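Enquirer: could you work out the structure for the sequence below:
(one chain, ligands or ions: 1)
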Amino acid sequence: MYPPKCGVCGLIGQPGLCPKCKNNFTVLPTQRAPLAPLASLHAPYLYDGEAGTAIQNLKFRRITSLATPMSEIILEYAQKHLDGKYDVIIPVPIARTRKSERGFNQAELLCLAFPPDLVRPGYLKRTPYTKPQVNLDRKARLTNLQGAFITVDLPLGAKVLLIDDVITTGGTAIACGEALMAGGAGEVHLLTFASQPLS
Ligand SMILES: [Zn+2]
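Expert: Modelled structure (predicted):
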């Protein structure tokens, strides 16, 4: 990444994310209602415009210089709105094959700014047999995700803040929440960088 440039608009001399792009992110007007078993759902931004581009550039164009500024935004949001509600941060796991293709899990990158001792990706694992979601309808997607996640050594009663890049239908987050609650979590909150508009 040289010369340093904004990961969204490409402005030279601006490493990570330039102030103009950050100011253009659309603040999510109203937070989504909780989706059981998730106690609350949070996202600073709407998944469109520059915020959508930031997510896509991080994930698909692998512009990892966006990880630090995006994770700082997530941290700041958590400090402001979720203070005291979590004692463990868990990024939503992605399929092992996808992680090896991409080289990273974007949800893990979004946890970078949190204190490292709070971030515990090992507590939630993806089981190996889940089919890709892309060609399935909504009902098939939710069924497909049952049993897709398992917990490993999760402390009983843990207050979990689950982190992901974007929430669309919420199917993945619900499946994670179910696995975490079954694994002994006390409560699970979801924080994503952006939320798809509710239709
Ligand atoms: Zn920019």
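Enquirer: list, one by one, the residues from this structure near the ion.
Expert: Proximity of the chain to the ion, by CB under 5 Å from the ion, involves residues Cys6, Val8, Cys9, Leu11, Cys18, Cys21. Where you see a C-beta, it was placed from the backbone N, CA and C, and this is true even at glycine.
Enquirer: by neighbours, which of those wins?
Expert: Counting neighbours by other CB atoms under 10 Å, the top entry in those is Val8, with 28 neighbours.
Enquirer: for that residue, grab phi and psi.
Expert: Dihedral angles of Val8 (phi, psi; degrees, to the nearest 10) stand at phi -100, psi -50.
Enquirer: check the one 3 residues further on too.
Expert: Summarising the backbone geometry of Leu11 under the convention degrees, to the nearest 10, its torsions are phi -60, psi 120.
Enquirer: didn't it look like it was pressed against Leu17?
Expert: No - shown here, Leu11 and Leu17 do not form a contact pair, counting by CB atoms under 8 Å, at 9.7 Å.
Enquirer: now the residue nearest the centre of the chain: which helix or strand?
Expert: Central residue of the chain (CA atoms, centre = their mean): Asp164, 0.8 Å from the mean position. Per DSSP states H and E, Asp164 falls inside strand 159-167.
Enquirer: neighbouring strands of that strand in the sheet, and parallel or not?
Expert: The pairing partners recorded for strand 159-167 under DSSP bridges are strand 88-91 (parallel), strand 187-195 (parallel).
Enquirer: put the alpha carbons of the first one into PDB.
Expert: By that I understand strand 88-91. Extracted in PDB, the C-alpha atoms of strand 88-91 (Å, rounded to 0.1, in the frame of the first residue of the first chain):
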ATOM      1  CA  VAL A  88     -16.200 -11.100  25.400                       C
ATOM      2  CA  ILE A  89     -15.900 -10.000  21.700                       C
ATOM      3  CA  ILE A  90     -16.400 -12.700  19.100                       C
ATOM      4  CA  PRO A  91     -16.100 -12.100  15.400                       C
END
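Enquirer: helix or strand with the lowest mean pLDDT in the chain?
Expert: Lowest by mean pLDDT, DSSP states H and E among the helices and strands of the chain is helix 138-145, with a mean of 68.
Enquirer: flag the shaky bits of this structure, pLDDT-wise.
Expert: 1, 129-134, 138-139, 141-144, 199 (pLDDT under 70).
Enquirer: where do the strands sit along it?
Expert: 40-42, 45-46, 88-91, 124-126, 149-151, 159-167, 187-195 (DSSP state E).
Enquirer: now for those strands, which one comes closest to Pro115?
Expert: Minimum separation from Pro115 across the strands of the chain (CB to CB) falls at strand 88-91, 8.6 Å.
Enquirer: the strand holding Asp164: how far from the chain's middle?
Expert: 5 Å (CA atoms, centre = their mean, to the nearest Å).
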